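[1] kindly return the folded structure for what I paste below:
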Amino acid sequence: MSSPVTPLLKNIVVAMDGPSGSGKSSTSRGVAARLGLRYLDTGAMFRAMTWFMLENDVDLTDPAAIAARAGEPTITSGIDPLKPTITVDGTDVAEAIRGEAVTGGVSPVAAVPEVRARLLQLQRDIIGEGGIVVEGRDIGSVVAPDAAVKVYMTADPAARAARRALEEGGTDAAAVEASLLARDKIDSGRATAPLTMPEGAHHIDTTPYSLDEVIDQVVALVALATA
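    Model prediction:
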C-alpha cells in the first residue's frame, strides 16, 4: 500500500518526461507509491483518445477529422499508482489502449493541437494543487512548467526496446526498437509540445540501473526539493 503523504509533499508536483521504454512509467508509479502521492499517466490519456478515434472510424491521417471529434470522449484517469485505471465514456480501456492498433496510431493523434489542448485541460484539472507524480512527454515544459521536481529519463535504444518487448510478451526486440525510434522522431518533431528535455530538468540515463535504483534517485531529488 502507498505510504501516507507528509505535509511537505502535499502540494509537490513531480514531472517525469522521456521517450517510450525509458522506464518512466514504472519509475513514476514506484516514486508515487513510496511517497504516498497520486499518479497520472498522460500517455494513457492520448492512447485513450486514439482508441476513441479508432472505435469511431476516424481517419488518423486526417488531422482535421481528428480535431473535429477531440472534444467528444469522456476520458477518466485513475490516480492510484498501484491500480492505475482509464476509461472512455465509462468503458474500461486499460488493456485495449496497449494494443498494436492504438500504438501505431497514437503519434498522429497526439500531434493534433486540438487533442493536446483538450487533454492539457484535463491533466491540469487532475494535478490541481499537487501531491502528484505526472508522467508524459511534455510535463515539465508545458503541462506543469512550475513543477518542483523535473526529471528527464532516457536509456540506450536497445535497452528501451528490450524492456518494451518484455512488457508486450516477448515481441521481436529489433522491430520494437525500430518502432520506438520512429515514434521518437514524430514526437520530437511535432509543432505542438514536442518531446524535449525541459529547462531545469534532471537527466537520468536509466540504462545501467535497476528500477529500484532509479526510484531511489528520484526520491532523493524530491527530498532535496522539499528540504
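[2] dump the helix or strand bottoming out on mean pLDDT in the chain to CSV, keeping only the CA atoms.
    Every helix and strand of the chain was ranked by mean pLDDT, DSSP states H and E. The lowest is helix 173-189, at a mean of 79. Output in CSV follows, covering the C-alpha atoms of helix 173-189 (Å, rounded to 0.1, in the frame of the first residue of the first chain):
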residue,chain,number,x,y,z
ALA,A,173,13.1,-6.5,-30.0
ALA,A,174,14.6,-5.3,-33.3
ALA,A,175,11.1,-4.4,-34.6
VAL,A,176,10.2,-2.8,-31.3
GLU,A,177,13.4,-0.7,-31.5
ALA,A,178,12.6,0.5,-35.0
SER,A,179,9.1,1.4,-33.8
LEU,A,180,10.4,3.3,-30.8
LEU,A,181,12.8,5.3,-32.9
ALA,A,182,10.1,6.2,-35.4
ARG,A,183,7.9,7.4,-32.6
ASP,A,184,10.8,9.4,-31.2
LYS,A,185,11.2,11.2,-34.5
ILE,A,186,7.5,12.1,-34.7
ASP,A,187,7.3,13.1,-31.0
SER,A,188,10.4,15.3,-31.2
GLY,A,189,9.5,16.9,-34.5
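[3] and that helix, what does it pack against?
    Applying 3 or more CB pairs under 8 Å, 6 or more residues apart in numbering; DSSP states H and E, one finds that helix 173-189 contacts helix 100-110, helix 157-167. (Each C-beta comes from the backbone N, C-alpha and C, glycine too.)
[4] what angle sits between that helix and helix 100-110?
    With axes from the mean of the first three to the mean of the last three CA atoms, to 10 degrees applied, the angle from helix 173-189 to helix 100-110 works out at 20 degrees.
[5] got the buried residues for the following helix or strand past helix 173-189?
    Later in the chain than helix 173-189, the nearest helix or strand by DSSP states H and E is strand 202-205. Residues of strand 202-205 classed as buried: 202, 204 (neighbour count, 16 or more other CB atoms under 10 Å).
[6] got the angle between the next helix or strand after strand 202-205 and helix 157-167?
    As assigned by DSSP H and E, the chain's next helix or strand after strand 202-205 is helix 211-225. Angle of helix 211-225 versus helix 157-167, following the same axes, to 10 degrees, is 110 degrees.
[7] now do helix 211-225: everything it contacts.
    With contacts defined as CB atoms under 8 Å, 6 or more residues apart in numbering, helix 211-225 is touched by 9, 12, 14, 16, 23, 26-27, 30-31, 34-35, 148-149, 151, 153, 202, 204, 206, 209.
[8] so how far is the first residue of stretch 139-149 from its last?
    11 Å (CA to CA, to the nearest Å).
[9] which outside residues touch it?
    For stretch 139-149, contacts defined as CB under 8 Å, 6+ apart pick out 12-17, 42, 120, 123-124, 127, 134, 136, 150-152, 193, 196, 198-202, 218, 221-222, 225-226.
[10] show me what the residue positioned nearest the centre of the chain bridges to in the sheet.
    Computing the C-alpha centroid of the chain and ranking residues by CA atoms, centre = their mean puts residue 136 first, at 2.9 Å. On the basis of DSSP bridges, residue 136 is bridged to residue 17.
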